[in-house]
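> 3D, please:
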Amino acid sequence: MIEDGDASSIIDAAEQFDILEIINRGIAYAIIIAGFLSVVFIFFGGISFILSGGQEDKIKQAVSTIRYAIIGLIVTVLAIVIVGLVGRALGLDIIHYLNPSDIFDTVRNLTSEAGDSNTGIERLE
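Next up, the predicted model:
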């Protein structure tokens, strides 16, 4: 398995052909994205509720959006627990990759690499 210093992202793991690292990081990123989307839909449902103007059908739709987003967030949290238990049973260290600071560092590295490859105004100087 690749040590922490060797692979900073799923792309690095793919380049080094370490399937265990790819699986670990892929599951971690999927769980983080699911949690983020749940929070976004809770926010969207709240805005819809505020802007409903007292119309019953719009209020019901907004409350449904919030309810299903909360259910999605609960399922995401349960998925972290279940994936951790199954991962430990299979010998995968998945919970190790759910460290938010590592995920933010990986996203920051990916966006800085993407910014370096763009041919924007800053690259013309």
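
> For this structure, give me the ranges with low pLDDT.
1-10, 13-14, 17-18, 20-21, 24, 93-107, 109-111, 113-125 (pLDDT under 70).

> Helix, strand or coil: sort out Leu92 for me.
Taking DSSP: H, G, I helix; E, B strand; the rest coil as the rule, one finds Leu92 in the coil state.

> Looks like it contacts Arg25 (just checking).
No. With contact defined as Cβ atoms under 8 Å, Leu92 does not count as touching Arg25 (10.9 Å). The way it works is simple: take the backbone N, C-alpha and C, and place the C-beta from them, glycine included.

> what about the two, which has more around it?
Set side by side, Leu92 and Arg25 show more neighbours around Arg25, with 25 against 19, by other Cβ atoms under 10 Å.

> and the more buried one, what element?
Per DSSP states H and E: Arg25 is located in helix 19-50.

> how about that helix: buried residues?
By 16 or more other Cβ atoms under 10 Å, the buried positions in helix 19-50 come out as 21-25, 27-29, 31-32, 34-35, 38, 41-42, 45, 48.

> shouldn't Gly72 be in contact with Phe36?
No. Counting by Cβ under 8 Å, Gly72 sits too far from Phe36 to count as a contact (10.7 Å).

> residues touching the closest residue to Phe49 other than its chain neighbours, list them.
Closest residue in space to Phe49, ignoring its immediate chain neighbours: Ala62 at 3.8 Å, by Cβ to Cβ, 6 or more residues apart in numbering. Taking Cβ atoms under 8 Å, 6 or more residues apart in numbering, we find Ala62 in contact with 45-46, 48-49, 52.

> nearest to Gly84, of the residues you listed?
Nearest to Gly84 out of the contacts of Ala62 is Gly45 (Cβ to Cβ; 28.8 Å).

> Okay, that closest one and Ala62: tell me how far apart.
Computed as Cβ to Cβ, to the nearest Å, the Gly45 to Ala62 distance reads 5 Å.

> likewise Ala69?
In terms of Cβ to Cβ, Ala69 sits 11 Å off from Ala62.
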